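Colleague: please find the sequence and the predicted model below.
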Amino acid sequence: MCGIVGIYLKSKKFEKSLGGMLSKMLVSMESRGPDSAGFAIYKSDKNKIYKYSICLNDMSFEKFKNEIKKKVKLTNVEKNSDHVILKSVEKPNKILPILEDFSTISLVGYGKSIEIFKQVGSPSNVVKKFNLDNFSGTHAIGHTRMATESAITTDGSHPYSTGEDECLVHNGSLSNHNNLRRKLKKNGSKFSSDNDTEVAAGYISDSLKKRNLKQTLNKGLSDLDGFYTFIAGTHSGFAVLRDEIACKPAVIAETKDYVAISSEFQAMAHLPNVNNAKIFEPEPGIVYSWGK
Amino acid sequence: MILDLKKLKLRSVNEKLQNIDRKKNKREFVISNPEGNHAVCAGLTENIDVTIKGHVGYYCAGMNQNANIIVDGNVGTGVAENMMSGKVHVKGNASQSAGATAHGGTLIIDGNASSRCGISMKGIDIIVKGSVGHMSAFMAQSGNLVVCGDAGEALGDSLYETDIYVKGKVKSLGADCEEKKMSKKHKTKLKELLKKAGSNIKPEQFKRYGSARKLYNFNIDNVSNY
C-alpha cells in the first residue's frame, strides 16, 4: 500500500506553515503506511552552505559532534531527535567520503536546500519526534510506508535521496529493480539497501546528469517495470508520475497558493481553501511537474 | 436533518442511514464535512434522499438500494460499487472503478470518471457527462454506459451485453468490442438515459459499441485474444 504526500507552494503565503500542513497529511495517511514514515523539506537557501541530513542510528550525538569537528572545519551540527543536520561550506566530494568512514551512521540526503528525516514507527510518532510542525520551506514531500519487499528499517524508509537536493517517494513496487541496480552499480551508483525505490531514485539521479526531470521520468516509463505513483523532488520543485495502468492512486489539488498531491483526498481535507481547489487525478503515464 | 461528520463518527452516521424507521417521515438528510472519508453512505436500503456536501473517499454509496444520493463534490475509487437500485449523482469527478459490478440503479457523473468506469457492470445505467479513462466497461455484462466526452484505451475489453454510447473520441477498443449500428430502439433508450441525467444532447451525436461475441466460448483460433 503506502501513502505519499507532497506540497509545492506557489506563493510565500504558507511558507511558515508548510511543516504543519505536511504533518497533518502524513498522519492522515497512517492507515496506508503504519510501519515507517519520512519527509523531505526544501528551504530556499541561497547561500553556499551544504546541508547533510544524517541518521545517527546507535551513535551518540556528542560522540559524532566531537569526531566530525576533528575532521571538518567550519561546521555546524544541529540535532533533531536521532538525526543531525551537518552544515558546512565543504562540497559533497569532500564530505561524503568522511561520512562513509563512520560505519554506524546513515546519510539520508544532502544538498543546499533539502533536509530529510525518516524513521521507523507510526507516522504520528515520526512527525512528533522530528517536530515537523515547526518546519518552514518552499516545498515538501512525505511518505508513510507499509513494508512489502524489504525490511522495516531506517534504510528501508522513504524518501530516498541519491543525489544533491534530489529525493523520491514511491507507492507501488518495481519488478526489475535487481537488474537495474546491477546496471546502475556498473555506472558508479551506490545503494545502501535492497529496496526497489532506492533503485528508482538512483535511476533518476543517473539520468538527471544528462536530462531534465521531465525527460527523465518520461524515459522511466519504459525503463522502470512495475506499479508506481512517484513524487520526485528537486531544489526547484517536484514532479509526479503514475504507471500507465494506474495501479496506484493519486489526487492533486491546486489553488493559487499551492499544489498538493496525496494518495487519497482525505490527506488534503484540512488544507486551506481546498474545497475551492481544482481537484483532479493525474492521468496515467503523464508527467506533471511544478517548479520555479 | 444535517449529519456533520466533524462532530459525528462515520459509523454512527452510516448506521443511522442504514436503519431508517419507516413509521417516521424523515426522508431527507444532508451530510456535511465528509472530508474524504471512505464508505460514506455505504449499504443504504431505504428510499431516502441524502446530499453529501463535499468530497468523499472510496466506495461512497456502495451496495446502494433505493436511496437517492447526491454528492456535491468529487468521489474516490468505486463510487456506487455493487449498487442494486436507486440513484447516485456525483456533481464533480469520479476516481477509478465507478459503478463497478453494479446490478441496477442509475449513476450520473457530471465531471470525468477515470479508469475502469463500469468494470464488470451487471445492469446499472451509468451516464458520464465528461470523459472516461482506460479499460472502461471491462467485462461489462449488462446495462448501459453513456459517455458524453471521450473514452480512453481498450474501451469495452472482453465485453458481454452492455451497450456503450460515446459522443467523443474513443482512443481504442478492447478485445471483442466493436462499433454497432444505432437502431431506433437504441436511440429511444439513449434519449431516455440522457434525459435522466438532465442532458439534452441528441442521441444521433453518439456512436454505439457492443460485443462482437467472438470470445464468449473458448475457441483455439482466438487464443491470442484471451
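Modeller: Right, received. Where do you want to start?
Colleague: hey, let's count contacts and neighbours off CA atoms from now on
Modeller: Fine.
Colleague: who's in contact with the residue of the stretch 1-150 of chain A found nearest chain B?
Modeller: Residue of the stretch 1-150 of chain A nearest chain B, by Cα to the nearest Cα: residue A:28 (10.5 Å). Contact partners of residue A:28, counting by Cα atoms under 8 Å, 6 or more residues apart in numbering or on different chains, are A:266-267.
Colleague: state the distance from it to residue B:157.
Modeller: Residue A:28 is 36 Å from residue B:157, where distance means Cα to Cα, to the nearest Å.
Colleague: swap in residue A:41?
Modeller: Counting by Cα to Cα, the gap from residue A:41 to residue B:157 is 43 Å.
Colleague: can you give me the helices in the stretch 51-200 of chain A?
Modeller: A:61-71, A:92-101, A:123-129, A:177-186, A:196-208 (DSSP state H, counting those that start in this stretch).
Colleague: can you say which of these is packed in most?
Modeller: helix A:196-208 (a mean of 23; mean count of other Cα atoms under 10 Å in any protein chain shown).
Colleague: tally up the residues packed near the residue in chain A that chain B sits nearest to, please.
Modeller: Closest to chain B within chain A is residue A:266: 4.1 Å, counting by Cα to the nearest Cα. Neighbourhood size, residue A:266 [other Cα atoms under 10 Å in any protein chain shown]: 23.
Colleague: so who does it touch?
Modeller: By Cα under 8 Å, 6+ apart, the contact set of residue A:266 is A:28, B:35-37, B:56-57.
Colleague: what do you get for residue B:35?
Modeller: By Cα under 8 Å, 6+ apart, the contact set of residue B:35 is A:265-266, A:269-270, B:54-57.
Colleague: do that again at 10 Å, thanks
Modeller: Neighbouring residues of residue B:35 by Cα atoms under 10 Å, 6 or more residues apart in numbering or on different chains: A:265-270, A:275, B:5-6, B:53-57.
Colleague: secondary structure class for it?
Modeller: Three-state assignment for residue B:35 (DSSP: H, G, I helix; E, B strand; the rest coil): coil.
Colleague: how close does it sit to residue B:25?
Modeller: Counting by Cα to Cα, the separation of residue B:35 from residue B:25 is 28 Å.
Colleague: ditto for residue B:47
Modeller: Here the criterion is Cα to Cα. By it, residue B:47 lies 11 Å from residue B:25.
Colleague: now swap in residue A:91 and tell me
Modeller: In this view, residue A:91 and residue B:25 are 74 Å apart by Cα to Cα.
Colleague: residue A:136 is in contact with residue A:113, correct?
Modeller: No - Residue A:113 lies out of contact with residue A:136 (Cα atoms under 10 Å); the separation is 11.7 Å.
Colleague: the two: who's more crowded?
Modeller: Neighbours were counted for residue A:113 and for residue A:136 using other Cα under 10 Å; residue A:113 has more, 26 against 20.
Colleague: tell me the contacts of the more buried one?
Modeller: Neighbour list for residue A:113: A:40-52, A:137-138, A:164-166, A:234-236 [criterion: Cα under 10 Å, 6+ apart].
Colleague: I'd guessed residue A:207 sits against residue A:187; true?
Modeller: No - the pair residue A:207 and residue A:187 does not pass the contact test of Cα under 10 Å, sitting 11.1 Å apart.
Colleague: quick check: mean pLDDT across the top helix by length along chain B?
Modeller: The longest helix of chain B (DSSP state H) is helix B:184-196. Looking at helix B:184-196 alone, the average pLDDT works out to 97.
Colleague: which one is residue B:28 nearest to, not counting chain neighbours?
Modeller: Spatially, and ignoring its direct neighbours in sequence, residue B:28 is nearest to residue B:49 (4.8 Å; Cα to Cα, 6 or more residues apart in numbering or on different chains).
Colleague: residues in contact with that neighbour?
Modeller: B:26-30, B:66-70, B:87.
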